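Engineer: I'll drop the sequence and a predicted model, then ask my questions.
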Amino acid sequence: MPYAILASIFGGGLSLGILALRQFPLPAFLVRRTWIVNLHDPRSGIPYGVALAAGLFFQLPTTEVFRLAAGA
């Protein structure tokens, strides 16, 4: 359950951030980056996998598997 909450929080923050940044034009030096142009396009989606990974990396140190692997 903590992972689902963390992923939701990170996903909400990521979504709000991308939607806010899409309101402004891209600076000229970023126009050459295809992935940034695609991310800035309002017709494209939000890469929610980034939020899922962030939730995992935030939650991972509290898991028993991590503690066993770390030798603690």
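Structural biologist: That came through fine.
Engineer: Pull the number of nearby residues for Ile18.
Structural biologist: As a burial measure, Ile18 scores 17 neighbours (other Cβ atoms under 10 Å). The way it works is simple: take the backbone N, C-alpha and C, and place the C-beta from them, glycine included.
Engineer: Quick check: it vs Asn38, distance?
Structural biologist: Applying Cβ to Cβ, to the nearest Å, the value for Ile18 to Asn38 is 12 Å.
Engineer: Surely Ile18 is in contact with Leu39?
Structural biologist: Yes: between Ile18 and Leu39 there is a contact under Cβ atoms under 8 Å: 6.8 Å.
Engineer: picking up where we left off before, so what sits against both of Ile18 and Asn38?
Structural biologist: Here Ile18 and Asn38 share no contacting residue, scored by Cβ atoms under 8 Å, 6 or more residues apart in numbering.
Engineer: which stretches of the chain form strands?
Structural biologist: Under the criterion DSSP state E, the chain contains no strands.
Engineer: tell me, which helix in it spans the most residues?
Structural biologist: Assignment by DSSP state H gives helix 2-21 as the longest helix of the chain.
Engineer: What sits closest to Pro2 if chain neighbours are left out?
Structural biologist: Nearest non-adjacent residue to Pro2, counting by Cβ to Cβ, 6 or more residues apart in numbering: Gln59, 5.9 Å away.
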